[in-house]
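Visitor: mind looking at a prediction? Sequence and model below.
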Amino acid sequence: MKAYLEKNKERFLDELMQLLRIPSISADSNYKKDMVNCAEAVKESLLNAGADRVEIFETKGHPIVYGEKMVDPKLPTVLVYGHYDVQPADPLELWETKPFEPAIRDGKIFARGACDDKGQFFMHVKALELMNKNDALKTNIKYCIEGEEEIGSPNLATFVTEHKKLLAADVILISDTAMISLENPSIASGMRGLSYIEVEVTGPNRDLHSGVYGGAVANPATVLAKMIASCHDENNHITIPGFYDDVLEATPAERAMLAKAPLDEKEYKEDLGINALYGEKGYTTKERTGIRPTLEVNGIWGGYTGEGSKTVLPSKATAKISARLVPNQSSKKITSLLLNHFQKIAPAGVTVKATEHHGGEPYLTPLDSIAYQAASKAIEKTFGKEPIPVREGGSIPICSLFEKELGVKIVFMGFGLDSDNLHSPNEKYDIANYYKGIETIPYFHAYFAELSK
Ligand code: BES
Ligand code: MN
Ligand code: MN
């Protein structure tokens, strides 16, 4: 297989570049046609790689691509999940090269979706070709590549519930996370969940002269800022009553394991251009982004934001606010907690409208499962080092539903890096990681088949 990979490396890269040229932005309805084109391209790529059945399923939103290579009903089946949709590319002016014109610099491929998740799910397509052409298929493989992950997978749950038989598998394999580095491979052992709300504060019935009325009327922007600021105390602990009630605290053993992941805080700060780290007292940086729930403002606006100055007391101010959740917290529960909290703390003089956006449940992978062992062995085989388990800060909203509906565990085998600029300008994927992933995936299938016997 190694020889086949070597021989076809260039083409494997070209094919990924083709996929990256399609601006499959799920959030923006202007790209609806590109979404359809991208689903078609994914379908073609699966057929070319040797899948014997590929189907595009329409949804109320963007289509889902399903594919399969059934080798023998007696063999275990691996369901690969990924997403062909990408985040919007703005701010465009901060990209060194255009987001949908993939460019190679310094051994890295720059494009929106390069790592999240086109470059990663496409490794599984190429791995299928590799295994197929070399008669090395040790498992049945199914693919579920959706187009709505970046908008919270609003239609995937229905699809999964209605197609349990079609999707039936022994394990779900996802490459949509990061590892520490090629030298220090790691496996995500958990993902955080998400609750996302929007809070709109309304004061006077129109924008006012801030000199004529300022001082006598509640300023919605000030009120909103105060409300938000009150959600953390001086230790950066969240103050919303009940927020931590269901948190499953990590055990000392888990914390000790997490501490094994190397993190150079100096480098970390330098990379981000900040002079100090900031977070919940009593926890390390890795813990703050892995095992602890958080509350963040994702956007805040109101009043005059144009050039120069305008003395105005705004009628409205709005914020988008989201919480990352950890095991045992429920997205539904925390969402209503947040909605109620912002209503409750609104002072007289304003009205608050709090509404719900999408969410997702947290997820934890058991480290003693066959699937985790197979992933660990596969990575050890190609990286020459046993991967360490780390808790991922991001979210993949469908995970817990997959487990509930299909009754199987998920294992994450991500080959990205935290520094890949996911959702940011100049998203990239190291070409070395792309090839390493393609090389590693067949070992996962082989070890999983072996350990399943
Ligand atoms: N692939 C990411 C999740 C991720 C990011 C995992 C970084 C590991 C490291 C996924 O595409 C994503 O961005 N998820 C969203 C959730 C969604 C509901 C918009 C997220 O985490 O914000
Ligand atoms: Mn992703
Ligand atoms: Mn993403």
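Guide: The structure has been received and is ready for your questions. Ligands and ions are numbered 1, 2, ... in the order given.
Visitor: hmm, Ser236 is touching Lys281, no?
Guide: Rather than Ser, residue 236 is Asn. Yes - between Asn236 and Lys281 there is a contact at 6.3 Å, judged by Cβ atoms under 8 Å. For glycine as for every other residue, the C-beta is placed from the backbone atoms N, C-alpha and C.
Visitor: okay, these two: which has more neighbours?
Guide: Asn236 (16 against 10; other Cβ atoms under 10 Å).
Visitor: list the contacts of the spatially closest residue to the more buried one that is not a sequence neighbour.
Guide: Computed as Cβ to Cβ, 6 or more residues apart in numbering, the closest residue to Asn236 that is not its neighbour in sequence is Glu280, at 4.6 Å. Shown in contact with Glu280 (Cβ atoms under 8 Å, 6 or more residues apart in numbering): 235-237, 288, 292, 294.
Visitor: for Cys127, grab the count of nearby residues.
Guide: Not quite, residue 127 is Ala, not Cys. The number of residues packed near Ala127 is 26, by other Cβ under 10 Å.
Visitor: kindly report the same for Ser376.
Guide: Ser376: 21 neighbours (other Cβ under 10 Å).
Visitor: may I have stretch 194-211 as PDB, with CA atoms only?
Guide: C-alpha atoms of stretch 194-211 as PDB (Å, rounded to 0.1, in the frame of the first residue of the first chain):
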ATOM      1  CA  LEU A 194     -22.600  23.600  22.900                       C
ATOM      2  CA  SER A 195     -25.500  25.900  23.900                       C
ATOM      3  CA  TYR A 196     -25.900  29.000  21.700                       C
ATOM      4  CA  ILE A 197     -28.300  32.000  22.400                       C
ATOM      5  CA  GLU A 198     -28.800  35.500  21.200                       C
ATOM      6  CA  VAL A 199     -29.700  38.300  23.600                       C
ATOM      7  CA  GLU A 200     -31.300  41.500  22.400                       C
ATOM      8  CA  VAL A 201     -31.700  44.400  24.900                       C
ATOM      9  CA  THR A 202     -34.200  47.200  23.900                       C
ATOM     10  CA  GLY A 203     -34.400  50.500  25.700                       C
ATOM     11  CA  PRO A 204     -36.000  53.600  24.300                       C
ATOM     12  CA  ASN A 205     -38.200  53.300  21.200                       C
ATOM     13  CA  ARG A 206     -35.600  55.000  19.000                       C
ATOM     14  CA  ASP A 207     -31.900  56.100  19.000                       C
ATOM     15  CA  LEU A 208     -31.600  59.200  21.100                       C
ATOM     16  CA  HIS A 209     -29.300  62.200  21.400                       C
ATOM     17  CA  SER A 210     -26.900  61.000  24.100                       C
ATOM     18  CA  GLY A 211     -26.600  64.600  25.500                       C
END
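Visitor: please state the mean pLDDT value computed over that stretch.
Guide: Across stretch 194-211, pLDDT averages out at 98.
Visitor: what of stretch 97-115?
Guide: Mean predicted confidence for stretch 97-115 is 98.
Visitor: enumerate the residues of the stretch 301-450 of the chain near ligand 1.
Guide: 358, 360, 392, 394-397, 422 (Cβ under 6 Å from any ligand atom).
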